[in-house]
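Coordinates for the following, if possible.
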Amino acid sequence: MLALLAGIALAAAPPPAALPRANVLILVVDTLRADALGTYGEASPTSPRIDALAGESLVFERAWTSYTWTLPSFISYTTSRSVRRHGWDYDIGQFDLYRTVEASAPTLAEVLGANGYATEGRYANGHLHESLGFGKGFQQWVKGTDAETVAAAVTDIKGWAGDGKPNLLYVHIMNCHTAWRPSLDAQKALGVSFPVPTAGLDWMDWFKLPKEARPARALEYRQQYEAAVRDADTAIGKVLDALNASGEAGKTMVLFHSDHGEALGDHGFVGHNRSVFEEVARVPLLVKVPGAPPARVKDRVGRLIDLAPTVLDVVGLASKAPTAWEGVSMYRQPQPLLAVTERTPEAAFTLDGNTKLVVDRETGAFAYGFDLSKDPGEKARIKDPANPLMAPLLAAARAWYAATPKGSNKGEKPKVEGEEKSEVDAMLKQLGYVE
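Numbering: from 1, shown residues only. As a prediction, the model looks like this:
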C-alpha cells in the first residue's frame, strides 16, 4: 500500500488514500532510550514484543525528541510545534510557574475528534495533569498506574468494533522511569546480579559517590533499567495482543515512541538532565501502517513533530492539518528535514544523524559539535565553527532561528489547591527529581 524505499529513504510518492478513518494507536514508553531495544542493537532480551512490532513497521534508525523532558516534548509531538515556538519550557519541579497549555495550536486529538473520532488517553505520568491542559481533545484523559493504564487500554480496544467510530487511543506508561521496580520475571530474564531495593532503585545518590565508585553503580543502573524495559515491553505486548484479538488490527495505524531518553552514567550524568546528548535526545520511532512493507530509514533523523501530520496523512485528513503545525508527514519529505532538540541552555541540530551541531539555545551562537559517524559516544567535541562538518549545519540553524520566532505560552495559571501541590511534591520525590 504505502510505497516506501526500504532502508534508504522515504518514497516521493504519497501514501494512497487507502486507510480513511483508520484507528490510531499511539504507544509511548516514558524515558526510553533507543539503544535499550533489540531493534536498535541491544543484545540483552529487553524487548521481544517491540522488536516484533519493528519488524512490521517503518523504523527510523535515529530519531530525536523535541525536548529532553516530558512536558515540553509531549506538547511538541501533540501540537506539531518546536518548543521554541510553543514556549512551554518550564523546568522540572517549577510547578508554581506552570501555565495551562494554550489553545493557539490544536492538538492531534482535537483535530481527530472534530472529524468524528472517539478519543481516549490513558497515562501513568502524573505530570500530564488534566488541570494543565494536557488532555486537550481527549474525551477521556485518565491517569492510572502502569498496570491500570494498560488494563484500561485493553478494555478500550475491546470496544472498538462496536462503537461505530474510528478511534484514537493514546497510551503512556512509566516502567522505565525511576524509581525502577522491575518484576522478578524481568530481573531473571535480564540477569540482574544484585538485590533490588523494595522501594526501587533511583539515582539520587549518584553525585555523592566518589568517582571511582561510579562505573560499578552505572552498571547497576543499566541492569535495572534494562529489566524495567523488559516490563514495559511486556505491557506493550498486552496492548498489541488486545488489538490483534479485536479484529481491528487491519485498520489500525500503530505508532511507538518515547518522550526522551535517559542518562545512565553517560557523560557523567544520570537521569534526563539538562543536556542534548544522544542518550537523552535519541528516542525509538516506529510507525506501522497495515499493508505497508517494513522499512528502516537511515538517511535522516525522524522528528516527533512529524507524527501528527503523518497520522492525518494516513487516515485521509491531511487537508485538516492546522496551519500552526510545523511538522510534515513522513511520507512527504523527499529530502531530510532539519531535526531540532532543545533543553536549556542548549539546542542541537542535525540533518542526517551523522553530524550534530550544538548552540546556545537563547542566542543560537555556536557551542560545539560532533561527528557521530566516528564518535557515537560524543567524546570528541568539534570546537571550530568553520569546520566543514559544522558550517552547513550552522547555516541551517541560523535559518531555523530566523524562521522560528520565539513564542511564549499564554495559558492561564492553573487552579491548584494546597493539597494537590503537596501531591505534586510527593510525586517529584517518587520519580527521583528531588530528595
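
give the contact list for Gly87.
Lys406, Gly407, Ser408, Asn409 (C-beta atoms under 8 Å, 6 or more residues apart in numbering). No exception for glycine: its C-beta is placed from N, CA and C like everyone else's.

same deal with Lys288?
Contacts for Lys288 (C-beta under 8 Å, 6+ apart) come out as Leu53, Glu56, Ser57, Leu58, Met253, Val254, Leu255, Phe256.

burial measure for the nearest residue to Arg21 once chain neighbours are set aside, as a count.
Leaving out its chain neighbours, the residue that sits closest to Arg21 by C-beta to C-beta, 6 or more residues apart in numbering is Pro166, at 4.2 Å. A count of neighbours around Pro166, defined by other C-beta atoms under 10 Å, yields 22.

And Pro166, how far from Ala22?
Separation of Pro166 from Ala22 (C-beta to C-beta, to the nearest Å) stands at 6 Å.

which neighbours do the two share?
Common neighbours of Pro166 and Ala22 (C-beta under 8 Å, 6+ apart) are Val315.

ok, His172 - how many residues close by?
Neighbour count for His172, taken as other C-beta under 10 Å: 24.

if I read this right, it contacts Leu128, doesn't it?
Yes - between His172 and Leu128 a contact is recorded at 6.9 Å, counting by C-beta atoms under 8 Å.

Name the SS class of Met244, please.
Small correction: residue 244 is Asn, not Met. Secondary structure for Asn244, judged by DSSP: H, G, I helix; E, B strand; the rest coil, is helix.

what's around it, how many residues?
13.

Run through the strands of the stretch 1-150 of the chain in chain order.
23-29, 58-60, 63-64, 118-123, 140-143 (DSSP state E, counting those that start in this stretch).

Please confirm that His177 is located within a helix.
No - with three-state DSSP as the criterion, His177 is located in coil rather than a helix.

How about it, nearest residue that isn't a chain neighbour?
Thr31 (4.4 Å).

repeat for Val59
Nearest one to Val59, counting by C-beta to C-beta, 6+ apart, is Arg296 at 4.8 Å.

how close does the one you found sit to Lys356?
The spacing between Arg296 and Lys356, counted by C-beta to C-beta, is 20 Å.

Ok, Lys413 next?
From Lys413 to Lys356 the distance is 37 Å (C-beta to C-beta).

who has more neighbours, the two?
Neighbour count, other C-beta under 10 Å: between Lys413 and Lys356, Lys356 has more, with 29 against 10.

Shouldn't that one be within a helix?
No - assigned with three-state DSSP, Lys356 falls outside any helix and is strand.

confidence score at it?
Note for Lys356: predicted pLDDT of 98.

Is it in contact with Thr341, as I believe?
No - if you go by C-beta under 8 Å, Lys356 and Thr341 don't touch, sitting 9.5 Å apart.

and for those two, which residues touch both?
Contacts common to Lys356 and Thr341, judged by C-beta under 8 Å, 6+ apart, are Ala348.

returning to that earlier point: who touches the residue nearest to Arg21 in this structure?
Applying C-beta under 8 Å, 6+ apart, the residues near Pro166 are Arg21, Ala22, Asn23, Val24, Leu112, Gly116, Tyr117, Ala118, Val315.

which of those count as buried?
For the contacts of Pro166, a neighbour count by 16 or more other C-beta atoms under 10 Å gives the buried set as Ala22, Asn23, Val24, Leu112, Tyr117, Ala118, Val315.

sorry, back to before: identify, out of the strands of the stretch 1-150 of the chain, the most deeply packed stretch.
Most buried of these, by mean neighbour count (mean count of other C-beta atoms under 10 Å): strand 63-64, with a mean of 27.

Give the pairing partners of it; include direction for each.
strand 282-283 (antiparallel), strand 302-303 (parallel) (DSSP bridges).

Any chance of a markdown table for those, columns distance to Ala391?
Putting the strands paired with strand 63-64 into a markdown table (distance: least, C-beta to C-beta, whole Å) gives the following:
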| stretch | distance to Ala391 |
| --- | --- |
| strand 282-283 | 24 |
| strand 302-303 | 22 |
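
so can I have CSV of those showing distance to Pro385, mean pLDDT and mean neighbour count?
Below are these laid out as CSV (distance: least, C-beta to C-beta, whole Å; pLDDT from 0 to 100; neighbours: other C-beta atoms under 10 Å):
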stretch, distance to Pro385, mean pLDDT, mean neighbour count
strand 282-283, 24, 98, 26
strand 302-303, 24, 97, 27
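
Nearest to Pro106, out of these?
strand 302-303 (18.9 Å; C-beta to C-beta).

Gly121 and Glu248: what is the separation?
The gap separating Gly121 from Glu248 is 18 Å, by C-beta to C-beta.

So Glu342 lies in a helix, does it not?
No - using three-state DSSP, the assignment for Glu342 is strand, not a helix.

so who does it touch?
By C-beta under 8 Å, 6+ apart, the contact set of Glu342 is Ser66, Tyr67, Thr68, Pro72, Ser82, Val83, Arg84, Asp89, Val276, Ala348, Arg361.
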